[in-house]
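S.K.: sequence below, structure please.
(3 chains)
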Amino acid sequence: MNGVPMAAYLLLGLVLFTIGVVGVVIRRSPIVIFMCIELMLNAVNLTTLAFARYLPQFVAGRERGHTAVAGEMIVIFIMAVAAAEVAVGLGIIMAIFRLRDSTDIDQMNVLRG
Amino acid sequence: MGDSDFSYVPWIVFTPLLGFLFQALLGKFLIDRLGARGRWFCGFAAVLVVAFPFLLGVAAAFKLAGMAPAMRGTMVTVAPWIDLVGFRAPLEFYVDPLSITMVLVVTGVGSLIHLYATGYMAEDADYPRFFTYMNLFIVAMLILVLAGNLPLLFVGWEGVGLCSYLLIGFWYKDHANAKAANKAFIFNRVGDLGFVLGLFLLFCVLARSAGSVPDGRFLSFDLIRVQLVNAIGANPGYATAIALLLFVGACGKSAQFPLYSWLPDAMAGPTPVSALIHAATMVTAGVFMLNRMYPVFQASPVAGGVIAAIGAFTALFAALIAFGQMDIKKVLAFSTVSQLGFMFVACGAGAYDAGMFHVVTHAFFKALLFLGAGAVIHAMAHNQDLRNYGGLRKYLPITFLTVMAGFLAIAGFPYLAGFASKEEILGSAIGNGAVVVRISGFVALFTAFLTAVYMARLAGLTFFGAERWRELPEPHAHEDQALPALMEDEPDPNRFYYTAAELAEREAHAAHADHHELGPEHKPHEAPLSMSIPLIALAIPSLLAGFILGGERLQNWLYPAGVKPGLLGWDAPPWLPWVSGAAALLGIAYGLRTYMKGLPADQGWDMGKWNPLRRLSADQFHYDAELMAGMSVGGRTVGLALSKGFDPLFVDGTVNATGYTAGALGLMLRKLQSGYVRFYALTMLIGVLAIVGYLLYASKGGASL
Amino acid sequence: MNPNLFAFSVVAILSVLSALGVVFFKNAVRSALSLVATFALLSVLYLTLDAQLLAWTQLVVYAGAIMVLFLFVIMVLNLSKQPALIERRDPKLMLATLLGFGFAGIIGVQVVTPLLPPSEIVKDPVLAPNGFGQPQAIGMALFTDYGYPFEAISVLLLVGIVGSILLAKRRLR
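M.R.: Coordinates of the predicted model:
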């Protein structure tokens, strides 16, 4: 928006991302960890859109509007990937819980050396 | 560099090589098929391939003599050998007076000895093998003397060492012979270490200025002199180091003091081998090498003094030992060591041509003496002990006359061959500027006197006096023939060596049908013609070489004035010919007077009655025994230390430690794979932090925090 | 403080609070709902950035589909009934928090701070380029310039579908 410096958006994105990162390490429930991952992804989306809006890339010679949407394309793809990832990830969590009947990620430590 | 055609010179080397191949591949086959005729044929072939190079050498010598002195060095290249970018050492032969002289000596004396050997080894079952090795030796020796560059010389050097080993251990089934062969080879090897180090140092020194040599052949003899004079003249320290290292090699090959012990033991080989290798040719390779590399030695007075001192000491030491020896071949062996010492005194004094002169004359009379001794041994049923001889001049007239000629020559009877060459040696040493060399000269003069005495002892005990073998009880006749069998505790799993029982049986059924054991009724007979002719042929130059080569003739031939500058002349004191002639005559007179009467009472079979000094000298003043004991103990210690200490600790330890460390590291790192996802996430966070921090801080040139 | 900035600040603070709620609520359902709120607020922010299509896509895909899926799973597995899971004092937590602060601090100081108001960089957005954020523009780009990633994403989604079906199957045999 006019009057809002880009730094504000970046700062917000940074804070959200950090909260997400800390959440991943702190929480023991896999579902919540997953949610924090989604939070991180969204923070990234926000940051990217901010850059795209404030510093749009004009490809030389092709100054039609749609060539300035490169940043938004990234966000679309991130969203698509996030959706696919959530589907598969939750499937995995369900499969594990069917087996173990526990929601503690600290007890999922079979893959170790 | 002349433009004369010496392209036939490589055939000097290739002919005996063909002979070697012939003997090796076809010899046994021929003898098996054709019997005695085959044996004759092999012998003829063996002599021919050594005599033919002699003729080629004569032709080359005449051609060289006809050339102007400055042009007398021609390089004949046969094939490329070492061919690198900055360094080349092709297979090339250098034809100059020095090499042709040695070629004539080697092939001339060598062909006579080959002829002798056809008679001496006639009944031996391994006849073709003998001539295979002998021809191979001739090849190696000729490569050594004709070599055009140092690496090729070293090939010949090693080759003669190998052939010496093969020939000393010719009757290898007797353990003592095998040990003697090993000893010879190992002592040679020790010397070779010094030689090789000297070679490396020389290479390093010359490689620096190698740019001045157009085609990279900076170790070739036609180009080496100028480089040496430049490189070493500027830095005498290098000269001394290289000279001393090369001299170590010469010590090994030419049996000088610390490394002489192999030569007496080498008498275990057949007598022709002793004559050829250990009298006339191989042992003089050291002197030859000194002549080839004389600018190095010339540039270092320190090395010259060392060489002269060691030569004189060796000469004296060996002469003293010769007084206590009762084996005819051992006396001659120590005599060889002593005479080699003389040659080194000359080289140390700077008179390299005097050394070469003595090489030539020594080849004649020493080969003659050995062959004569061989004839005597042959006549006395292979018994070598002087105490069994006596009065043989009646039975072996030709041998007697020729051996006496050789004896007079070596004793330095005035104007014979030995006198002339010793004259030059003593003159150059006593007239030298350095004190050490002068002292060495006087020591050598005294040793010349001793030489006359002990050689007179040998001649007197052999040819004069009562016929002692007629009075001996049986056991003594075999005293010297007791071949030591395998010692009890030596393992011989392949049953390779004879046991004591087998040896006794072998002696009982002697292979020589016509040689019965030495008993009181033994009648010695003269040597066959094949052995006598070489004796006569060698006696002539022994008498005359002094006239032919003396004066300054050999010097002018080898080192013409003005062509090889840097050689000093010497001022022989005027009293020298008189004193040395008198010493020789005195020694001969004293020795013959004492020993012509027969065996003195205090040198008989009972060693308890011997003069203690003589007993000591019989044991080589304990040098050899101590050396062998020390080496075996020392070697054992070193071997044990390495095999039980160093090897398991360091070598195995390093390998094991590496494995152990890998395992331990792996165990530690295992703990990181805990299976806890949150721990992984935390680690990732730390990593990201590190990377981001580095990127944002370090690459920005510091923090603004 | 202009009105735009004020509005932005309000939305921003609310979204941070709901994000904190995601992390700190013991009840999984509450975490999920906080996340929904965060997504909605982010959608608003996208609108302020003239990315209209993306704002609505955010709501539809994230809040509408993904979070619904989360809530399904939470309810199927009865996770809201599980005992609270942050109880033990773990040094890892301290460390994680510290590191998080450190991370934010580094990037904040080095990247964000130079761009804050006292500096004149990027104070105002440029005139929105033609059709920025409009479905037409995005659609055009998606099917022409970004055709290959589009197809790749389709494959990815296919894989996701197949994967989740496989995972959800009960092994009857």
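S.K.: from here on, just use CA atoms for contacts and neighbour counts.
M.R.: Fine.
S.K.: tell me the contacts of the most centrally placed residue in chain A?
M.R.: For chain A, the residue nearest the mean C-alpha position is residue A:41 (0.7 Å; CA atoms, centre = their mean). The contact partners of residue A:41, by CA atoms under 8 Å, 6 or more residues apart in numbering or on different chains, come to A:17, A:78, A:82.
S.K.: go on, residue B:526?
M.R.: Neighbouring residues of residue B:526 by CA under 8 Å, 6+ apart: B:375, B:379, B:395-399.
S.K.: same question, residue C:101
M.R.: Residue C:101 touches residue A:18, counting by CA under 8 Å, 6+ apart.
S.K.: so what's it scoring on pLDDT?
M.R.: pLDDT recorded at residue C:101 is 88.
S.K.: which of the helices or strands spans it?
M.R.: Element membership for residue C:101, per DSSP states H and E: helix C:91-107.
S.K.: can you list the neighbours in contact with stretch B:291-303?
M.R.: Against stretch B:291-303 from outside (CA under 8 Å, 6+ apart): B:221, B:225, B:228-229, B:232-233, B:236-237, B:239-240, B:242-244, B:290, B:304, B:347-348, B:350, B:352-353, B:356, B:566-567.
S.K.: now swap in stretch B:147-165 and tell me
M.R.: Contacting residues not belonging to stretch B:147-165 are listed as B:75, B:89-94, B:133-134, B:136-137, B:140-146, B:181-182, B:184-185, B:188, B:199, B:219-222, B:253, B:277, B:282, B:285 [CA under 8 Å, 6+ apart].
S.K.: quick one, longest helix in chain A?
M.R.: The longest helix of chain A (DSSP state H) is helix A:70-100.
S.K.: how near is the residue nearest to the centre of chain A to residue B:605?
M.R.: Distance, residue A:41 to residue B:605, using CA to CA, to the nearest Å: 112 Å.
S.K.: what's the burial count for residue B:573?
M.R.: The number of residues packed near residue B:573 is 12, by other CA atoms under 10 Å in any protein chain shown.
S.K.: surely it and residue B:427 touch.
M.R.: Yes - counting by CA atoms under 8 Å, residue B:427 is a contact partner of residue B:573 at 6.9 Å.
S.K.: now the residue of chain C found nearest chain B: closest residue in space that isn't a chain neighbour?
M.R.: Nearest residue of chain C to chain B, counting by CA to the nearest CA: residue C:103, 6.0 Å away. Leaving aside its sequence neighbours, residue C:103 sits nearest to residue B:689 (CA to CA, 6 or more residues apart in numbering or on different chains; 6.0 Å).
S.K.: in a strand, that's where that neighbour is, yeah?
M.R.: No - Residue B:689 is assigned helix when assessed by DSSP: H, G, I helix; E, B strand; the rest coil, not a strand.
S.K.: just the pLDDT at it, thanks.
M.R.: So, for residue B:689, pLDDT stands at 89.
S.K.: please pull out the lowest mean pLDDT helix or strand from chain A.
M.R.: Every helix and strand of chain A was ranked by mean pLDDT, DSSP states H and E. The lowest is helix A:70-100, at a mean of 89.
S.K.: wondering if it reaches chain B at all.
M.R.: No - with CA under 8 Å from any CA of the partner chain as the criterion, chain B is not reached by helix A:70-100; the gap is at least 13.6 Å.
S.K.: nearest to chain B: which residue in chain A?
M.R.: Counting by CA to the nearest CA, chain A gets nearest chain B through residue A:109, at 4.1 Å.
S.K.: show me what contacts that residue?
M.R.: B:674-677.
S.K.: ok, 6 Å please
M.R.: Contact analysis of residue A:109 by CA atoms under 6 Å, 6 or more residues apart in numbering or on different chains lists B:675-676.
S.K.: and residue B:438, by the same measure?
M.R.: Contacts of residue B:438 (CA under 6 Å, 6+ apart): B:429-430.
S.K.: which of the three states applies to residue B:81?
M.R.: Per three-state DSSP, the local secondary structure of residue B:81 is strand.
S.K.: could you report the pLDDT at it?
M.R.: Note for residue B:81: predicted pLDDT of 91.
S.K.: name the single longest helix found in chain B.
M.R.: From DSSP H, the single longest helix across chain B is helix B:175-208.
S.K.: ok now the next helix or strand after it, how far from the chain's centre?
M.R.: Using DSSP H and E, the helix or strand that follows helix B:175-208 in sequence is helix B:221-234. Relative to its chain's centre, helix B:221-234 lies at 27 Å (CA atoms, centre = their mean, to the nearest Å).
S.K.: thanks again, I'm all set now.
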